[in-house]
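In: prediction below, plus the sequence it came from.
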Number of protein chains: 2
Amino acid sequence: MESPEQFIKHASWSPAEKKAARRAFDEALGRHLSATIAEAKRRMAKVVEPADLWELETYLTESRKTIDRVYRYRYSDLLQVFSILLRDGWLKEADLIGLQPEKIAEVKNGAEAFRRIFGDTGETSGRS
Amino acid sequence: MESPEQFIKHASWSPAEKKAARRAFDEALGRHLSATIAEAKRRMAKVVEPADLWELETYLTESRKTIDRVYRYRYSDLLQVFSILLRDGWLKEADLIGLQPEKIAEVKNGAEAFRRIFGDTGETSGRS
């Protein structure tokens, strides 16, 4: 039996799955970017002092770096990326429809493991 | 006769002048920071796409670096700093009241020279 690492590394992707994966990826990215814009606008509305402005700058820089780091579309890493995004709430289970059941199970197991090991980032807390 | 460089470097500052200089410096910094906050809010209101948000991030980072670089309160550099701030409109001639006439003349000459050599940055264009 393959280990999860072997499964993730060697999983093959049919054309239909690639399409579903790309759609799921884009959905998560779209949600993440929209939420970042909304949060930045919310923070800007509360800016009074210069220190508030530089805090917002830091928030934007960190958000951009996080998004750049996580959203890399490589099939060899995609199931792990999906696990992180599922844990953080940017990806919904429904977005995974169209992938093989083994891949979906792997993503869900991965999300659970990330949650256990690293905790919930709470990035989307308050979101469904 | 002293060169402007020698004058700037060796100018002595009476306690009353130091007080006036500090007030002028703080006035300029206050105006610059307020204008930066207002401009950031104006830009944020127009953010629609992620690219707009990252442009705003760049604007904030560059503004912070410029402010950090220019606003250094050292008496040996202060007349040059005032010249730059006068050229850029953050400092008003009226702010210089309380300084020796020679220092005021030096700041105004310096502002004119910066304008001639580097042009007007237009940072405060539209402002009085």
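Out: That came through, no problem.

In: and the pLDDT at A:Ser83?
Out: At A:Ser83, the model reports a pLDDT of 96.

In: count the neighbours of it for me.
Out: As a burial measure, A:Ser83 scores 23 neighbours (other Cβ atoms under 10 Å in any protein chain shown). Quick note: C-beta positions are derived from backbone N, CA and C, even for glycine.

In: surely it is in contact with A:Val107?
Out: Yes. With contacts counted by Cβ atoms under 8 Å, A:Ser83 reaches A:Val107, the gap being 5.2 Å.

In: now the common contact residues for those two.
Out: Shared contacts of A:Ser83 and A:Val107 (Cβ atoms under 8 Å, 6 or more residues apart in numbering or on different chains): none.

In: so how far is B:Gln100 from A:Leu91?
Out: Noted for A:Leu91: a distance of 67 Å to B:Gln100, by Cβ to Cβ, to the nearest Å.

In: swap that for A:Phe114, sorry
Out: A:Phe114 is 66 Å from B:Gln100, where distance means Cβ to Cβ.

In: A:Lys103 now?
Out: A:Lys103 sits 77 Å away from B:Gln100, going by Cβ to Cβ.

In: of the two, who's got more company?
Out: Higher neighbour count among A:Lys103 and B:Gln100: A:Lys103, with 21 against 15, using other Cβ under 10 Å.

In: now do the contacts for that one.
Out: Applying Cβ under 8 Å, 6+ apart to A:Lys103 gives the contacts A:11, A:17, A:79, A:96.

In: most neighbours out of those, which is it?
Out: A:Leu79 (22 neighbours).

In: ok, that residue touching A:Gly110?
Out: Yes. If you go by Cβ under 8 Å, A:Leu79 and A:Gly110 touch, sitting 6.5 Å apart.

In: thinking again about what came up before, closest one of the contacts of A:Lys103 to B:Thr58?
Out: Within those, the smallest distance to B:Thr58 is 33.8 Å, found for A:Leu79 (Cβ to Cβ).

In: work out for me the element that closest one sits within.
Out: Element membership for A:Leu79, per DSSP states H and E: helix A:78-87.

In: can you point me to the longest helix in chain A?
Out: In chain A, assigned by DSSP state H, the helix with the most residues is helix A:15-45.

In: for that one, buried residues please.
Out: Neighbour-count burial for helix A:15-45 flags A:17, A:20-21, A:24-25, A:27-29, A:31-33, A:35-37, A:40, A:43-44 (criterion: 16 or more other Cβ atoms under 10 Å in any protein chain shown).

In: other SSEs contacting that helix?
Out: When contacts are defined as 3 or more Cβ pairs under 8 Å, 6 or more residues apart in numbering or on different chains; DSSP states H and E, helix A:15-45 sits against helix A:50-70, helix A:78-87, helix B:15-45, helix B:50-70.

In: for it, give the mean pLDDT please.
Out: Average pLDDT, helix A:15-45: 98.

In: roughly how far is it from the heart of the chain?
Out: Centroid displacement of helix A:15-45 relative to its chain, using Cα atoms, centre = their mean, to the nearest Å, is 8 Å.

In: now the most centrally placed residue in chain A: closest residue in space that isn't a chain neighbour?
Out: Centroid-nearest residue in chain A, with Cα atoms, centre = their mean: A:Leu85, separated by 2.4 Å. Spatially, and ignoring its direct neighbours in sequence, A:Leu85 is nearest to A:Leu91 (3.8 Å; Cβ to Cβ, 6 or more residues apart in numbering or on different chains).

In: does that neighbour sit in a helix, a strand or a coil?
Out: Following DSSP: H, G, I helix; E, B strand; the rest coil, A:Leu91 is assigned to coil.

In: was I right about it contacting A:Gly30?
Out: No. Between A:Leu91 and A:Gly30 there is no contact under Cβ under 8 Å: 11.0 Å.

In: which residue of chain A sits farthest from its center?
Out: Within chain A, A:Glu49 marks the point farthest from the mean C-alpha position, 32.6 Å out by Cα atoms, centre = their mean.
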